[in-house]
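> Predicted model and sequence below, questions to follow.
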Amino acid sequence: MAKMKTPGVYITEKNAFPNSIAEVATAVPAFIGYTEKAENAGKSLQNTATRITSMGEYIQLFGGAPKYQYLLSTTSENKGYSLKRSGEKYNLFNSMRLFFENGGAACYIISVGSYNDPITITSLMDNGLSPLLKEEEPTMVIVPEAVYLKEEDCTTLQRAVLNHCGTAQNRIGVLDIYDGYKARNHSEGDVIDNFRNALPEDSLSYGVAYYPWLNTTVVSDSELGLANLTNDSLAVLKDLMLTELNVPVEKEGNEAAKTTELREILNSIPCINEEGYKGPGIQELDKILIAISPTYNDIRKDIKTQLNLLAPGAAMAGIYTQVDNERGVWKAPANVPLNAVVSPSVNISHHDQEDLNVTLNGKSINAIRAFADQGVMVWGARTLDGNSRDWRYINVRRTMIMLEQSIKVAAKAYVFEPNDAGTWTVIKSMIDSFLFDQWKQGALVGASPHDAYAVSVGLGSTMTAIDILDGILRISVLVAVSRPSEFLEITFQQQMQKS
C-alpha cells in the first residue's frame, strides 16, 4: 500500500484468487545414444541435453540413419547363406522413428558420440546420464543401445539409470530386456530371470520394463540394397546367384546373348565399389537383381527383418505421451495398440504372462501381446516394484511425480516468506485449488473432494514451535490416486426358470 502523505484518493487492488499451480509436463523422455552428427549452426550438441519436437528436427540436428552393413557367407543350412551385422549396432535413429510413430512429441536427445565411435558403457553412462542431472523437464530415461553392450555392462548401465531416477525422484527409467527377442526357454538361459536377478533392490518403483522385443516396420524396402553388404560379401552374393540361376557356359543365338549379358551383370557385382567401375549404377543394378534373383530378394528381406527387430522402450515412451495427451497421466498406459509393429518377437499366452506380472520377487515385467481381433497390444501396467501396494502401478508412480513436482515448483515462491498463518493459508488454498482441479479431471478418486485429498499446514498440525524457530515450514498432502482395474471378475450363475 502506498504511503498516504499527500491529500487525495488512493486506489488499492487486492487479488481475489489464490496463486495457482501449473501442472508440470508428464511425458518428456530423454534418449541417450549415438547419432550421425550433433550440431546446430556450427555449435556442438554432443554430451548436452537438447530438446526437439519432431523427427524432422532430429534429422536436422543429429543426422540420419547409420550405414547398415552385413557380412554374407555361405552355409549348408537354411537358405544356403547366413547374415551377420558388421560393426556397431547403432539403434537410436530407428528407435526415434518408432517413438514418433507411437505418438511421441517433445523429447530430449543426448548424443554421446558419432557413428565412428564404439558403443561403450562409459560414454552412455558418464556422458549420457550426467547432463540429465541439470534438466528438470525430462520425465523418462531411455537408452536404446544399452542392449548392444556386453550383458554385464548393460546391467551396470540399467542399474545406474534406476539409481539416477530414484535420486532425482522426478522421472522413471524405461528399461529394455537384454536378449528380449528370445523365448524364455532359450538354451542360453531365461532372459527374464537374468534381467530380474541383475536388478538392484532400490528404486524399483522408478523403473518399468516390457517383454518381448518388437518386429516393426520402421525400415522400408527402399532403404536397402547392395550398399548394405560389405565388400567381401559381394563376391559371395555373385556366387550364390550364379548357382541359383545355373547360368550355362555356352548357348546359341539369343540365349547366348542373354547369357553373356547376365554374366556381365553378375560379374560386375564385386566391382561396384571399386574406382573405374563402368557397369550399371548401384540403384539400377539393385533393381535388376530384384527382378532376376529370388535369393537376393530373400537376403534383402532378412536384412530388413533384422533391422526392424527393436526393443520396445522407445515405442512405450511414445505410448506414454499419447495416453497422457488423450486421457491424462493417471490413465494406465495399457490396453493400447502399438503402431508400426507387425508382431512381438515372442508370442505370449495367458499362462506365460502369469509369472511376468506376478512373481515372488515382485519384479514385474509388462507383457506385449498379439490378439487376433485387436493387433499388438500393451498388456501390463506395473512398475518393477510389483509387490508394493503403494507403487505397484506405473500410472500411480507417474501421477505422484506430477503432483509432487507441480506443488514443489509452485511452493518455491514462498521460500523466505514469513512462516506465519498468513503464508500457511495462502499455500493451503493454492494446493487445495490445484488438487480440486485434478479430482475433477479424474486423477484422484472419491465421491467428494474431501474423500479425494486433504491438505494440512500450521502450528500444532504439521509443525512445532521448534520447527518455526528453525525456519521449517511443513505441509502434509494426502491424495487418493486413481488405480487401474487390472483384474475384472464377472460371475455367471444360472437361475431357476420362471413361468
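Structure's in. What do you need?

> all strands for the stretch 1-150 of the chain, in order.
Secondary structure of the stretch 1-150 of the chain (DSSP state E, counting those that start in this stretch): strands at 29-33, 39-40, 43-44, 49-52, 69-74, 81-86, 107-111, 140-142.

> Partner strands of the last one and their direction?
The one in question is strand 140-142. strand 29-33 (parallel), strand 172-176 (parallel) (DSSP bridges).

> In TSV: those, plus distance to residue 426, mean pLDDT and mean neighbour count.
Where you see a C-beta, it was placed from the backbone N, CA and C, and this is true even at glycine. Output for the strands paired with strand 140-142, formatted as TSV (distance: least, CB to CB, whole Å; pLDDT from 0 to 100; neighbours: other CB atoms under 10 Å):
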stretch	distance to residue 426	mean pLDDT	mean neighbour count
strand 29-33	34	98	27
strand 172-176	32	97	26
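
> ok so, going back, relative to residue 444, which of the strands of the stretch 1-150 of the chain is closest?
The closest of the strands of the stretch 1-150 of the chain to residue 444 is strand 140-142. By CB to CB, the value is 22.8 Å.

> next structured bit after the closest one?
helix 151-168 (DSSP states H and E).

> Which strands or helices does that following helix pack on?
helix 121-122, strand 140-142, strand 172-176, helix 191-198, strand 207-211 (3 or more CB pairs under 8 Å, 6 or more residues apart in numbering; DSSP states H and E).

> just the angle between that helix and strand 172-176, please?
170 degrees (axes from the mean of the first three to the mean of the last three CA atoms, to 10 degrees).

> what's in contact with stretch 337-356?
Residues from elsewhere that reach stretch 337-356, judged by CB atoms under 8 Å, 6 or more residues apart in numbering: 97-98, 101-103, 180-184, 192, 211-218, 308-309, 315, 319, 364-370, 374-380.

> I'd like to know which of the residues you listed are part of strands.
With DSSP state E as the criterion, strands contain 211, 214-216, 309, 366-370, 375-379 from among the contacts of stretch 337-356.

> Return the residues in contact with the nearest residue to residue 224 once chain neighbours are set aside.
When the adjacent residues along the chain are set aside, residue 224 lies closest to residue 300, with 5.2 Å between them (CB to CB, 6 or more residues apart in numbering). Residue 300 makes contacts with 221, 224-225, 290, as judged by CB under 8 Å, 6+ apart.

> so what's the closest residue to residue 108 other than its chain neighbours up against?
Of all residues not flanking residue 108 in the chain, residue 30 sits nearest, at 4.1 Å (CB to CB, 6+ apart). By CB under 8 Å, 6+ apart, the contact set of residue 30 is 49, 107-110, 132, 135, 138, 140-142, 171.

> Would you reformat those residues as CSV and include pLDDT and distance to residue 246?
Formatted as CSV, the contacts of residue 30 follow (pLDDT from 0 to 100; distance: CB to CB, whole Å):
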residue, pLDDT, distance to residue 246
49, 96, 58
107, 97, 53
108, 98, 56
109, 98, 51
110, 97, 53
132, 93, 59
135, 92, 62
138, 96, 59
140, 97, 55
141, 98, 55
142, 98, 50
171, 96, 60
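
> And the residues you listed, which two are furthest apart?
For the contacts of residue 30, and using CB to CB, no pair is farther apart than 109 and 171, which are 15.5 Å apart.

> count of neighbours near residue 429?
Per other CB atoms under 10 Å, the neighbour tally for residue 429 reads 14.

> hmm, I was thinking of residue 294
If you count neighbours by other CB under 10 Å, residue 294 ends up with 12.

> Could you do residue 303 as well?
The number of residues near residue 303, taken as other CB under 10 Å, comes to 22.

> can you give me the helices for the stretch 351-499 of the chain?
Counting by DSSP state H, counting those that start in this stretch, the stretch 351-499 of the chain has helices at residues 394-411, 421-441, 449-452, 465-469.

> And the contacts of the last one?
Helix 465-469 has contacts (CB under 8 Å, 6+ apart) with 419, 459, 473-474.

> quick one on the thing from earlier: in terms of pLDDT, where does the residue nearest to residue 224 sit?
Model confidence at residue 300, given as pLDDT, is 94.

> quick one: the one helix or strand it maps to to strand 69-74, angle?
Per DSSP H and E: residue 300 is located in helix 294-307. Angle of helix 294-307 versus strand 69-74, following the same axes, to 10 degrees, is 130 degrees.

> Dump the C-alpha coordinates for helix 294-307 into CSV.
Extracted C-alpha coordinates of helix 294-307, given in CSV (Å, rounded to 0.1, in the frame of the first residue of the first chain):
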residue,chain,number,x,y,z
PRO,A,294,14.9,-64.8,-55.5
THR,A,295,18.0,-65.3,-53.4
TYR,A,296,18.8,-61.6,-53.5
ASN,A,297,15.2,-60.8,-52.5
ASP,A,298,15.5,-63.2,-49.6
ILE,A,299,18.7,-61.5,-48.5
ARG,A,300,17.1,-58.1,-48.6
LYS,A,301,14.1,-59.4,-46.7
ASP,A,302,16.3,-60.9,-44.0
ILE,A,303,18.3,-57.7,-43.6
LYS,A,304,15.0,-55.8,-43.3
THR,A,305,13.7,-58.2,-40.7
GLN,A,306,16.9,-57.9,-38.6
LEU,A,307,16.9,-54.1,-38.7
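
> buried set for it?
For helix 294-307, the neighbour count (16 or more other CB atoms under 10 Å) marks 295-296, 298-300, 302-304, 307 as buried.

> Next, find the distance separating the spatially most central residue of the chain from residue 141.
The centroid of the chain falls nearest to residue 314 when counting by CA atoms, centre = their mean (2.5 Å). Here residue 314 is placed at a distance of 12 Å from residue 141 (CB to CB, to the nearest Å).

> which one is residue 200 nearest to, not counting chain neighbours?
residue 159 (5.4 Å).

> got it, and residue 170?
Leaving out its chain neighbours, the residue that sits closest to residue 170 by CB to CB, 6+ apart is residue 405, at 5.2 Å.

> And for residue 199?
Closest to residue 199 by CB to CB, 6+ apart is residue 363, at 5.9 Å.

> so that neighbour makes contact with residue 388?
No. Residue 363 sits out of contact with residue 388 when judged by CB atoms under 8 Å, with a separation of 11.0 Å.

> what's the overlap in contacts for the two?
The contact sets of residue 363 and residue 388 overlap at residue 204 (CB under 8 Å, 6+ apart).

> So those two - more neighbours on which side?
Applying other CB under 10 Å to residue 363 and residue 388 shows that residue 363 carries more neighbours, namely 23 against 17.

> what sits against the more buried one?
196, 199, 204, 384-386.

> so residue 72 bridges to which residues?
Assessed by DSSP bridges, residue 72 has beta-bridge partners residue 83.

> and the residue lying closest to residue 163 once chain neighbours are set aside, how many residues sit next to it?
Excluding the flanking residues, the one nearest residue 163 by CB to CB, 6+ apart is residue 203, at 6.0 Å. Here the count is done by other CB under 10 Å, and residue 203 has 21 residues near it.
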